[in-house]
Structure formats: structure tokens, C-alpha cells
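*Asks:* Sequence and predicted model, in that order:
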Amino acid sequence: MKNFYELEAELPSGKKVKLDEYKGKVIIIANTASKCGLTYQYTWLEELYKKYSDKWLVVLWFPCNQFANQEPWTDEEIKQNCLINYWVTFPVFKKIDVNWENTHEIFKYLKENTFSLFWNKIKWNFTKFVVSKDWKTIKRFAPVTKPEKLEKLIVKFLE
């Protein structure tokens, strides 16, 4: 398997982005869905991003439609919805799968390098991963974990 920084994802524009663009930053990665009851977390994730982006934090958002058809829109509609309704300024990537045979390589890596009671599966939308600046420490958080609870770990990782 590739190392973390060799992995890549695609933006709605079609541009491919390697994670090495975020080398030396603390990264929050989440699978999301616009029609999920947890969408209020968009606002909190944006607040964390604005608060710490100048201190080397980035939030990477991966829409996913694998849970109750809660992200049925196109990539461009998702991006516009996030911008208009939540004023999201962090990177929003193309819609991906986070489980089963078409799991995106980033989520394969994250699941293989963290412990979960769910047997290497993503349970629901808004599962969050916090990756340290050297990518050697990855912490996984349940969908219901509020982003502000991640702040203590983020501050530790930013030191």
C-alpha cells in the first residue's frame, strides 16, 4: 500500500490532489452527506478550520452516498450547497465510497490504520479522522462526536 502522502483524491473540477499537498499539516478527514441529520457539523468543522488553518490545520471533506441515500446530488450541486448553506471554505472532494469493494484508497488507508469496533467499516456519515502532522498518528471519531471535542487533540497535534 502507498504511504499516506502518496494517496490522492479528485476535486469536483476533476483536478487530482495528492495528500502531499497537506504535508506538515494536521488533517481532519470526514465522510459527509448533505441530507444527514448530522449536517450541523459542517458549521463546526468550518469554525475549527477557520480558527486553526493559519496554524496548519486543513479539513478534507468527502461526500458519500452509501448511507440511506443521504447524498444523492451531483458533485457540483454538493459543492454549491456547502458554499451557499454552510459557507464552507475547506476542500470538498468528489463523492466517493467509504465501504465495500469500491472504497476510496484514502478511506482504506484510514480504516486499516485505526482501531474500530465496526470491523474496519465506516458506520455512518460524519465519521472523522484526525491525522497528525507527520501522519504517523491517526485518531478515529464516531459520527456523533462533535467537532469541538476534536479541538484538544488538534491543538496537541499542532504543537
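*Replies:* Looks like it arrived, so ask away. All values derive from a computational prediction rather than experimental measurement. Numbering: from 1, shown residues only.

*Asks:* Give me the buried positions along stretch 102-109.
*Replies:* Of the residues in stretch 102-109, 103-104, 106-107, 109 count as buried by neighbour count, 16 or more other C-beta atoms under 10 Å. Bear in mind the C-beta positions are built from the backbone N, C-alpha and C, glycine included.

*Asks:* Flag the shaky bits of this protein, pLDDT-wise.
*Replies:* Low-confidence regions of the chain, defined here as pLDDT under 70, cover residues 1, 117-119.

*Asks:* how about a cut-off of 80?
*Replies:* Counting by pLDDT under 80, the chain contains low-confidence residues at 1, 81-86, 115-119, 147-148.

*Asks:* which residues touch S132?
*Replies:* Counting by C-beta atoms under 8 Å, 6 or more residues apart in numbering, S132 makes contact with 26, 138, 157.

*Asks:* that older thread, from the buried residues of stretch 102-109, pick the one nearest L48.
*Replies:* Using C-beta to C-beta, I106 is the member of those that lies nearest L48, at 19.5 Å.

*Asks:* That closest one: helix or strand, and which one exactly?
*Replies:* Assigned by DSSP states H and E, I106 belongs to helix 105-112.

*Asks:* which residues touch the helix or strand just after that helix?
*Replies:* With elements assigned by DSSP H and E, the helix or strand that comes after helix 105-112 is strand 128-131. For strand 128-131, contacts defined as C-beta under 8 Å, 6+ apart pick out 4, 26-30, 110, 114, 137-141, 143, 145, 147, 150, 153-154, 157.

*Asks:* same deal with stretch 68-78?
*Replies:* Where contact means C-beta under 8 Å, 6+ apart, the residues beyond stretch 68-78 that reach it are 12, 32-36, 63-65, 81, 92, 94-95, 125.

*Asks:* Would you mind listing which of those residues are buried?
*Replies:* Applying 16+ other C-beta under 10 Å to those flags 12, 32-34, 36, 63-65, 81, 92, 94-95, 125 as buried.

*Asks:* send the alpha carbons of the helix holding I106 over as CSV?
*Replies:* As requested, C-alpha coordinates have been extracted for helix 105-112 and formatted as CSV (Å, rounded to 0.1, in the frame of the first residue of the first chain):
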residue,chain,number,x,y,z
GLU,A,105,-7.9,4.5,-1.2
ILE,A,106,-7.8,7.2,1.4
PHE,A,107,-10.5,5.6,3.5
LYS,A,108,-8.9,2.1,3.0
TYR,A,109,-5.7,3.6,4.5
LEU,A,110,-7.5,5.3,7.3
LYS,A,111,-9.6,2.3,8.3
GLU,A,112,-6.5,0.0,8.2
